[in-house]
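Student: Kindly return the folded structure for what I paste below:
(chains A and B)
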There are 2 protein chains.
Amino acid sequence: MKTDFTKLERAFNPRCVVVVGDKAESGYMWLHGQSEFKGKLYSVQVDPKEIDGIKALGVENFTSLLDVPEQVDLAIVAVPRPIAPRILEDCINKDVAAAHFFTSGFAETDTEEGIGLQRILTERASQANFHLIGPNCMGIYNPEMGIRQTMMQRTGFIGTIGFIAQSGTHAIAFSEEAYQQGLEVNKSVSFGNGIVLDSTDYLEYFGRDEGIKTIGMYLEGVRDGRRFLTTLREVAARKPVVIWKGGRTEEGGRAIASHTGSLSVPMAVWDAAVKQCGAVSVRSMEELVDALNAIQYLSPVYSNRVGITGGSGGQSVAIADVFAEAGLKVPALTQESYAELDTFFSLIGGGYRNPIDTGNVNRREMKRIMEILERDSNVDNLVLLTSVNPRMVGQIDQHIAMLSEIRGRSSKPVAVILASFGPENAETARDVAQKFRDGGIPTFTSLERGARALKKALDYHYLHST
Amino acid sequence: MKTDFTKLERAFNPRCVVVVGDKAESGYMWLHGQSEFKGKLYSVQVDPKEIDGIKALGVENFTSLLDVPEQVDLAIVAVPRPIAPRILEDCINKDVAAAHFFTSGFAETDTEEGIGLQRILTERASQANFHLIGPNCMGIYNPEMGIRQTMMQRTGFIGTIGFIAQSGTHAIAFSEEAYQQGLEVNKSVSFGNGIVLDSTDYLEYFGRDEGIKTIGMYLEGVRDGRRFLTTLREVAARKPVVIWKGGRTEEGGRAIASHTGSLSVPMAVWDAAVKQCGAVSVRSMEELVDALNAIQYLSPVYSNRVGITGGSGGQSVAIADVFAEAGLKVPALTQESYAELDTFFSLIGGGYRNPIDTGNVNRREMKRIMEILERDSNVDNLVLLTSVNPRMVGQIDQHIAMLSEIRGRSSKPVAVILASFGPENAETARDVAQKFRDGGIPTFTSLERGARALKKALDYHYLHST
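Tutor: Numbers count the residues shown, from 1 in each chain, chains lettered A, B, ... in the order given. Model prediction:
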């Protein structure tokens, strides 16, 4: 089919949304999900028992989509699967811009009925050039518009990240993990079986969307590999694309078959193809979020030598191990740096070889130490370790100011490892992460995550500089 | 020197503690640290300016350790390094059971003065057979007694884990990470330069302590390798020992030199030796805590096939990948299991190949599904995924009851992956982790951590069954 991006634009930024078939049994999940939608929300439901509950939510109900008295930008369809073809027909007749089919039970069940129904939907939508999202998916999240995949998602902000996922669970988990890391989603889509619109279409659309600065993807398989890679190459030339491919193992490949029915690809082939297109491969949700964070907010990372401060003597060994194991270097500093450190650094309770320990009185000299690392010609990247705990709160604002200043004048990437002490500080930690991010500094919640993210940013910039 | 375990017993369970040299500049960190100590706490300080501040804390001060009118079980020494030898002399004369020297600035600084002072301390303590903990360390944590390495540590419980660390930062981080995972420390010690008492002595002591069920260690090096391995073999035959060795890389080895001055060992040699002694090697703090959790609370893990439920279709691929990448299997179930699942499982919105998805209506059949996995002869270990979020709270108690029951009657290990949705649920997640633990079920905060921990438990039981 021919993708009409004005239709996708309407569906992702709708003014009028209709939920078809929401019901009490599921807690009216789709109507609740759109409770913060800024446009016009309608319901279509024929069951009188359900209609009262829908009216109680303050949503106007119709017994047919065709009765809705407005142009519809997005239909969210949650009907039983045998009814799906009829609702598709209504969507086509009503000239809805796009419909998200939450309804599942198609080819992924590997049953005759499911496969047959999927064929009917696919053929009818293709023939009518209808923009069907799914089925078997959670659809669209646009926090600015208040369109959600679940009522637990946050709204009321304009983010920078686009996320495309074959899995609804991962789409939802991504928005939460991004939020925890101080990042924000601009738009995301879970597209499930992708029978008409596929990952490639969403990638192309997000590539054109100027609000989206970086793109993350969770894929299980792609229908037309050649078309996907061509589009990936085009988009990745304009904005960073990070891809988590599920089914990296034999066990994962088997699980894919019963999830979205995609065929699996040998991983080595996949990774090489992705790299050749200028995109970055990751292996988990955390790596995905951290890589996007590092690539979007760090100054370009062109070399692997890291200067690190902020930890204690005890951490310095773990720091060095973790960065080395991620494929980075923690080099000795220049003689000039050591000579300068020697003039003020207290060796009692901490060393300064690199990492430079500041678990003791040297903490007061943090600014000076960071400036030494900034000037040191053996060091390409700057990393500060700090933590959110009741003792440290006063220092955080100083750290943000200091690092933002360096970020502004130096070409050296600056990252922060931001640990939080105790679950009681988890919310504060999240707010601090956002403050750093607002100052242009990405934060990572552990040494491992930070080191791996820095390496991914290095991989990305290496691909785009050669 | 000859270790006197009755002296260590007194130091780790003291009735009388004296802090020597605490001062306002450090916020009286050592006196504050012992503010919940159940025994008698005194201070020794000669500086009149400091004495007022100490009295204001309600602590009786003496100008000499020798003036303290009681038998002293533990001295915590925080004096400037040139005075350390004189305080050691006082400790010897006073016949203090053991002294923890927080004071640093010795061989780890690689300076003539530091090396010289360390030699003096070492020689005098060895000659007097004095039990010196440190120097350059955070000493003892005993939450039952209220003895702490920092005032941020929690008290008032009797845990099961002993932790021995060359680094104070790691000792403190360990107690917090263990708490977050629903585990509790019985005793821990940070021993820094370990000039008299070394890791081997603490290992032997914790091996004898019946309150300690499992032992974790963070090491940078050992002084007498043969003696360490002999003791490790003896202790590991009686209780699980999990070791995180710092300096796994060249960069880490260099960092060790300026931290505790230990010599590094080639990692392959180290890992092989540890394994031969029946202990388990890990590579990070998280792996350490998770491995202790898995080994202590899971039924013995003897085989690698895992049956998993609780996730959604979208997660099933990631679950399979993660367990496979950790070295485990996620096998197809028996025909009997599939036949039984077929009688009630709704294939719409989730598959049951293994993982068995319950992101949909099948969630109501969780108990039945777990029982099918319990009976399935292709499955050796049971894993349930659940999450702490506002929607799930009601299910958690049911899950705990259901799994505790299986834990009681089945020999199959049962683990829970307990994700938390949002930083606002972090504290609840921690409490839920403890509830599961009280029901005999260990929890892990991510798929990756759970899979790796299960593999470590398998490694451990494999070592001890062959």
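
Student: Report how many residues lie close to residue A:465.
Tutor: 8 (other C-beta atoms under 10 Å in any protein chain shown). (C-beta placed from N, C-alpha, C; glycine too.)

Student: Next: residue A:111.
Tutor: 14.

Student: Kindly tell me how buried the residue in the stretch 251-400 of chain A positioned nearest to chain B is, as a neighbour count.
Tutor: In the stretch 251-400 of chain A, the residue found nearest to chain B is residue A:314; the distance is 2.6 Å by C-beta to the nearest C-beta. The criterion is other C-beta under 10 Å. On that basis, residue A:314 has 30 neighbouring residues.

Student: Make sure it is indeed in a helix.
Tutor: Yes: counting by DSSP: H, G, I helix; E, B strand; the rest coil, residue A:314 is located in a helix.

Student: OK, contacts around it?
Tutor: For residue A:314, the residues meeting the contact criterion (C-beta atoms under 8 Å, 6 or more residues apart in numbering or on different chains) are A:359, B:165-171, B:190, B:259.

Student: In ChimeraX, select just the buried ones from those residues.
Tutor: Selection command for ChimeraX covering only the buried members of the contacts of residue A:314, criterion 16 or more other C-beta atoms under 10 Å in any protein chain shown:
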select /A:359 /B:165,166,167,168,169,170,171,190,259
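
Student: For the contacts of residue A:314, could you give me a markdown table that also reports secondary structure and distance to residue A:198?
Tutor: As requested, these are arranged in a markdown table below (DSSP: H, G, I helix; E, B strand; the rest coil; distance: C-beta to C-beta, whole Å):
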| residue | secondary structure | distance to residue A:198 |
| --- | --- | --- |
| A:359 | coil | 52 |
| B:165 | strand | 52 |
| B:166 | coil | 54 |
| B:167 | coil | 51 |
| B:168 | helix | 54 |
| B:169 | helix | 49 |
| B:170 | helix | 48 |
| B:171 | helix | 52 |
| B:190 | strand | 55 |
| B:259 | helix | 53 |
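
Student: Report the lowest-confidence entry in the contacts of residue A:314.
Tutor: By predicted confidence, the contacts of residue A:314 are weakest at residue B:259, whose pLDDT stands at 68.

Student: tell me the mean pLDDT over stretch A:238-255?
Tutor: In the prediction, stretch A:238-255 has an average pLDDT of 91.

Student: What's the end-to-end length of it?
Tutor: Terminal residues of stretch A:238-255 lie 33 Å apart, using C-alpha to C-alpha, to the nearest Å.

Student: Which residues in it does the neighbour count mark as buried?
Tutor: Within stretch A:238-255, the residues that count as buried by 16+ other C-beta under 10 Å are A:239-249, A:251-255.

Student: can you give me phi and psi for the nearest residue to residue A:314 once chain neighbours are set aside?
Tutor: Spatial nearest neighbour of residue A:314, excluding adjacent residues (C-beta to C-beta, 6 or more residues apart in numbering or on different chains): residue B:167 at 2.6 Å. Main-chain dihedrals, residue B:167, degrees, to the nearest 10: phi -120, psi 130.

Student: Would you confirm that residue B:167 contacts residue B:219?
Tutor: No: distance between residue B:167 and residue B:219: 9.3 Å, which falls outside the contact criterion (C-beta atoms under 8 Å).

Student: anything in contact with each of those two?
Tutor: With contacts taken as C-beta under 8 Å, 6+ apart, the residues that reach both residue B:167 and residue B:219 are residue B:246.

Student: re earlier: filter the buried residues of stretch A:238-255 by proximity to chain B?
Tutor: Among the buried residues of stretch A:238-255, proximity to chain B is found for A:246-249, A:251-252, A:254-255 (C-beta under 8 Å from any C-beta of the partner chain).

Student: sorry, back to before: go through the contacts of residue A:314 and name the one nearest residue A:308.
Tutor: Residue A:308 has its nearest neighbour among these in residue A:359, at 12.9 Å by C-beta to C-beta.

Student: Would you agree the closest one is in contact with residue A:309?
Tutor: No: applying C-beta under 8 Å, one finds residue A:359 not in contact with residue A:309, separated by 10.4 Å.

Student: Nothing else from me, thank you.
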